[in-house]
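Q: how does the following fold in three dimensions:
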Amino acid sequence: MLFALIQASAWATTYTFASGNYTTVTNFTACATGPCANYTTSMQTSGSFTTAAPLAANLANQNIFAQVTSFSLSDGIVTYSSADPNSRVYSFVVSTNAAGQITSSQIVLEEWQSTPHTPPSRVAILELIASTASAFNNTACTADTTSPAGVADTCTAAIVDASGSSAQSTVLTSNIPNVPTVGEWGLVCLAGCMLVLAWMRLRRRQIS
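A: Got it, this is the predicted structure:
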């Protein structure tokens with residue numbers, strides 16, 4: 001039992017997302033500012049995030065951002081990554097079933113595309129909400145404050161003007177988590193337990 005607890009605490013779990021190809025695309029009409037780019041119907045949203053331990057079962061619209069150790073998702077134009085200093089988390093809320101699998105999400109990520117971060121700075125936004133993936137490139141940020149996830153310097157309001165583009169897919173799936181990886185200490189404990197069990201078996205045979 002002690003080993004099981006140690007092992008569980010060392011499990012990092014990765015959750016992957018993939019949308020169908022975008023079915024609705026609205027591209028910029030006049031590139032007046034920012035990194036204008038076109039979405040196409042051959043693009044989609046895909047990527048993953050990792051938590052230090054598996055998500056708990058039966059979560060209901062729970063903010064899990066504190067448990068997220070890394071994330072990387074792409075909308076076909078922009079990559080949103082925890083390793084990128086220009087990426088921001090607006091929302092990281094999920095619901096899970098009895099097996100701890102994600103059944104619904106309200107994940108909203110952002111990527112600053114211009115500086116300084118004051119209106120009307122340009123920002124890209126990716127929304128994974130319920131069964132829909134929505135992507136917005138080169139939008140005009142109209143408010144820069146702290147997000148509901150608690151991240152400072154986040155765009156909390158934006159508009160898609162003539163220089164912006166957007167795309168949407170109404171098919172969004174999250175896969176069953178990858179098999180957790182036991183950390184180095186978990187492997188050490190496993191080896192130790194196996195040695196103890198082998199010694200106990202040998203001891204019983206000698207006594208009998």
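
Q: what segments of the protein are helices?
A: Here the chain has its helices, by DSSP state H, at 2-9, 184-207.

Q: quick one: average pLDDT of the longest one?
A: Read it as helix 184-207. Averaged across helix 184-207, pLDDT comes to 54.

Q: same question, stretch 44-55
A: For stretch 44-55, the mean confidence score works out to 96.

Q: quick one: that stretch to chain centroid distance?
A: 5 Å (CA atoms, centre = their mean, to the nearest Å).

Q: try stretch 112-131
A: 16 Å.

Q: tell me the strands beside the lengthiest strand in the chain, with direction?
A: With secondary structure taken from DSSP state E, the chain has its longest strand at strand 132-145. Next to strand 132-145 in the sheet, as set by DSSP bridges, lie strand 122-129 (antiparallel), strand 154-159 (antiparallel), strand 165-169 (antiparallel).

Q: can you give me the buried ones in that strand?
A: For strand 132-145, a neighbour-count test (16 or more other CB atoms under 10 Å) marks Ala133, Ser134, Ala135, Phe136, Asn137, Asn138, Thr139, Ala140, Cys141, Asp144 as buried. For every residue, glycine as well, the C-beta is placed using N, CA and C.

Q: for the protein, what are the low-confidence residue spans?
A: Along the chain, segments meeting pLDDT under 70 span 1-10, 176-208.

Q: quick one: the residue nearest the centre of the chain from Val171, how far?
A: In the chain, the C-alpha nearest the mean C-alpha coordinate belongs to Phe49, at 3.7 Å (CA atoms, centre = their mean). The gap separating Phe49 from Val171 is 19 Å, by CB to CB, to the nearest Å.

Q: can you redo the buried residues of strand 132-145 as CSV with distance to Leu109?
A: Compiled in CSV, these are given as follows (distance: CB to CB, whole Å):
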residue, distance to Leu109
Ala133, 11
Ser134, 11
Ala135, 10
Phe136, 11
Asn137, 13
Asn138, 15
Thr139, 13
Ala140, 18
Cys141, 14
Asp144, 16
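
Q: can you pick out the most distant pair from these?
A: Greatest spatial distance among the buried residues of strand 132-145 (CB to CB): Ala133 and Asp144, at 24.5 Å.

Q: was I right about Phe92 contacting Phe65?
A: Yes. In this structure, Phe92 is within contact of Phe65 by CB atoms under 8 Å, at 3.8 Å.

Q: between those two, tell me which one has more neighbours.
A: With neighbours defined as other CB atoms under 10 Å, Phe92 and Phe65 compare such that Phe92 has more, 25 against 19.

Q: and Ala143, how close does it get to Ala158?
A: Taking CB to CB, one finds Ala143 at 8 Å from Ala158.

Q: Gly47 now?
A: Counting by CB to CB - Gly47 and Ala158 are separated by 21 Å.

Q: okay, these two: which has more neighbours?
A: Ala158 (22 against 19).

Q: so what's the more buried one bridging to?
A: Counting by DSSP bridges, Ala158 forms beta bridges with Cys141.

Q: so what's it up against?
A: For Ala158, the contact set (CB atoms under 8 Å, 6 or more residues apart in numbering) comprises Val123, Ile125, Phe136, Thr139, Ala140, Cys141, Thr142.
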